[in-house]
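Engineer: What would the 3D arrangement of this be:
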Amino acid sequence: MPKTPKRQQKSHAGIDSRKLHSLDEAVKLIKERANAKFDETVEISMNLGVDPKYPDQQVRGVCSLPNGTGRSARVAVFARGPKAEEAKAAGADIVGADDLFETINSGKIDFERLIATPDMMALVGRLGKVLGPRGLMPNPKVGTVTMDLKKAVADAKGGAVEFRVEKAGIVHAGVGKASFSEQQIRENVKAFVDAVSKAKPTGAKGTFVKKVAISTTMGPGVRVDPANALAQG
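Structural biologist: Presented below is the predicted three-dimensional model:
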């Protein structure tokens with residue numbers, strides 16, 4: 001049986017996987033245990049009371065983190081004419097139309113977020129088999145099909161995080177970096193939990209947010225009392 005690395009043993013020491021912590025306690029614990037040689041991502045996982053196989057129990061949305069994600073995503077934009085110029089001026093990394101279609105269709109995807117103006121969706125829609133499985137298809141519900149490219153690019157590059165429930169009823173995302181202050185992490189976690197809570201679908205019955213846990217890339221998961229994570233202030 002392989003041995004657990006000493007760093008991992010140290011980071012997991014003193015963590016009770018069954019105990020519910022306040023958000024303050026949980027943030028303190030994960031920061032104390034972020035001992036990798038790189039700036040670890042702070043990750044959140046939420047177990048929701050939904051069954052995503054039903055259309056009325058889908059959970060999807062976008063959250064603008066008050067303190068950003070700690071990294072700048074590469075953003076591609078489908079646009080033409082003045083809108084293409086607007087996207088470039090806003091800082092988009094890749095801007096195009098038919099040329100961008102051909103690049104993506106060939107399998108080259110050198111970006112993490114894709115935005116499109118509404119008039120481009122007939123073209124973008126033909127890339128569904130390529131973009132869909134990667135979660136990159138632009139969608140008006142999360143602000144990635146829009147005429148306001150300046151805001152969309154700024155959000156994508158700054159603190160906007162998309163979320164979508166997976167088969168087991170789980171939503172997860174990166175909500176900052178271990179180098180963030182405890183307050184910055186708390187604010188980002190609260191904003192994300194609040195955004196997911198507000199995205200509760202009509203078909204969800206009973207308790208919606210069942211479990212919340214936060215961790216860093218290499219650290220242990222620490223459970224957070226959902227009621228505390230949802231509390232204001």
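
Engineer: quick check: longest helix of the chain.
Structural biologist: helix 182-198 (DSSP state H).

Engineer: mind listing what's buried in it?
Structural biologist: Buried residues in helix 182-198, defined by neighbour count with 16 or more other C-beta atoms under 10 Å: 184-193, 195-197. C-beta: built from backbone N, CA, C; applies to glycine.

Engineer: Show the average pLDDT along that helix.
Structural biologist: Across helix 182-198, pLDDT averages out at 95.

Engineer: Mind giving me the packing neighbours of that helix?
Structural biologist: helix 23-32, strand 41-48, strand 60-64, strand 160-164, strand 170-177, strand 209-216, helix 226-230 (3 or more C-beta pairs under 8 Å, 6 or more residues apart in numbering; DSSP states H and E).

Engineer: so can I have TSV of the ones you listed showing mean pLDDT?
Structural biologist: Shown next, in TSV, are the helices and strands packed on helix 182-198 (pLDDT from 0 to 100):
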stretch	mean pLDDT
helix 23-32	95
strand 41-48	96
strand 60-64	88
strand 160-164	88
strand 170-177	94
strand 209-216	96
helix 226-230	87
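
Engineer: For the ones you listed, give me JSON lines that also has mean neighbour count.
Structural biologist: Shown next, in JSON lines, are the helices and strands packed on helix 182-198 (neighbours: other C-beta atoms under 10 Å):
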{"stretch": "helix 23-32", "mean neighbour count": "19"}
{"stretch": "strand 41-48", "mean neighbour count": "22"}
{"stretch": "strand 60-64", "mean neighbour count": "18"}
{"stretch": "strand 160-164", "mean neighbour count": "20"}
{"stretch": "strand 170-177", "mean neighbour count": "22"}
{"stretch": "strand 209-216", "mean neighbour count": "21"}
{"stretch": "helix 226-230", "mean neighbour count": "18"}
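
Engineer: Return the set of residues that bridge with residue 162.
Structural biologist: Taking DSSP bridges, one obtains residue 62 as the residues bridged to residue 162.

Engineer: And residue 96, by the same measure?
Structural biologist: Going by DSSP bridges, residue 96 forms beta bridges with residue 78.

Engineer: gap between it and residue 195?
Structural biologist: Here residue 96 is placed at a distance of 31 Å from residue 195 (C-beta to C-beta, to the nearest Å).

Engineer: now swap in residue 133 and tell me
Structural biologist: Counting by C-beta to C-beta, the gap from residue 133 to residue 195 is 24 Å.

Engineer: go on, residue 231?
Structural biologist: Residue 231 is 15 Å from residue 195, by C-beta to C-beta.

Engineer: Same question for residue 103.
Structural biologist: 32 Å.
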